[in-house]
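Novice: This is a predicted model, with the sequence first.
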Amino acid sequence: MTELYNTDILRWTTRIPHQERLVAADVTVTKTSRICGSRISADAHLVLGRIKTFGWEVKACALGQAASAIVGQHVIGLNEDELADIAARFRHMVKTGEADFPPKWEALARLAPVQDHPGRHGSVMLPFEVLEGIFAAAAKAE
């Protein structure tokens with residue numbers, strides 16, 4: 001567990017961006033991990049298929065917070081295709097421990113040790129599940 005909850009991961013827990021919920025949002029999504037109870041609620045305004053404004057409330061363990069902080073750095077301007085690519089790469093890393101991310105997303109590799117802790121997979125996946133839910137809800141609303 002020490003490898004998992006290292007100083008670098010714990011530092012990320014204090015860097016979660018976009019922590020103010022939006023008053024006027026195109027979509028709002030809440031996801032909860034069935035495994036650990038971590039929960040993220042997010043609001044987004046999209047323009048031409050990209051996230052223009054974003055806010056969320058992250059109530060998660062240190063790993064869920066770290067994952068949210070890393071993902072949150074790149075959420076503005078994110079489109080569904082980029083999200084699908086990064087989410088697939090992250091899921092692969094969570095299952096295998098093998099990290100392969102473009103430079104913009106390489107900080108996600110710091111979470112590779114979670115592969116050995118299946119009980120933590122749900123929490124680190126929440127930011128991706130919330131964003132997937134945002135794009136799905138936006139497509140449904142069109």
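Specialist: Sure thing, it's come through.

Novice: Let me see the contact set for the spatially most central residue of the chain.
Specialist: For the chain, the residue nearest the mean C-alpha position is Pro127 (2.2 Å; Cα atoms, centre = their mean). Pro127 is in contact with Ile40, Gly64, Ala67, Ser68, Val71, Gly72, counting by Cβ atoms under 8 Å, 6 or more residues apart in numbering. C-beta here means a position set from N, CA and C on the backbone, and glycine is covered the same way.

Novice: Just give me the neighbour total for the nearest residue to the last one once chain neighbours are set aside.
Specialist: It stands for Gly72. Leaving aside its sequence neighbours, Gly72 sits nearest to Pro17 (Cβ to Cβ, 6 or more residues apart in numbering; 4.3 Å). Neighbouring residues of Pro17 were enumerated by other Cβ atoms under 10 Å; the total is 16.

Novice: tell me which element Pro17 is part of?
Specialist: Counting by DSSP states H and E, no helix or strand carries Pro17.

Novice: ok, it touching Ala69?
Specialist: Yes. The pair Pro17 / Ala69 is scored as a contact, 7.1 Å apart, by Cβ atoms under 8 Å.

Novice: thinking again about what came up before, what helix or strand does the residue nearest to the centre of the chain sit in?
Specialist: Using DSSP H and E, Pro127 sits within helix 121-141.

Novice: can you pull the buried residues of that helix?
Specialist: Buried residues in helix 121-141, counting neighbours by 16 or more other Cβ atoms under 10 Å, are found at 121-135, 138.

Novice: Work out the gap between that helix and the centre of the chain.
Specialist: From the chain centre to the centre of helix 121-141 is a distance of 8 Å (Cα atoms, centre = their mean, to the nearest Å).
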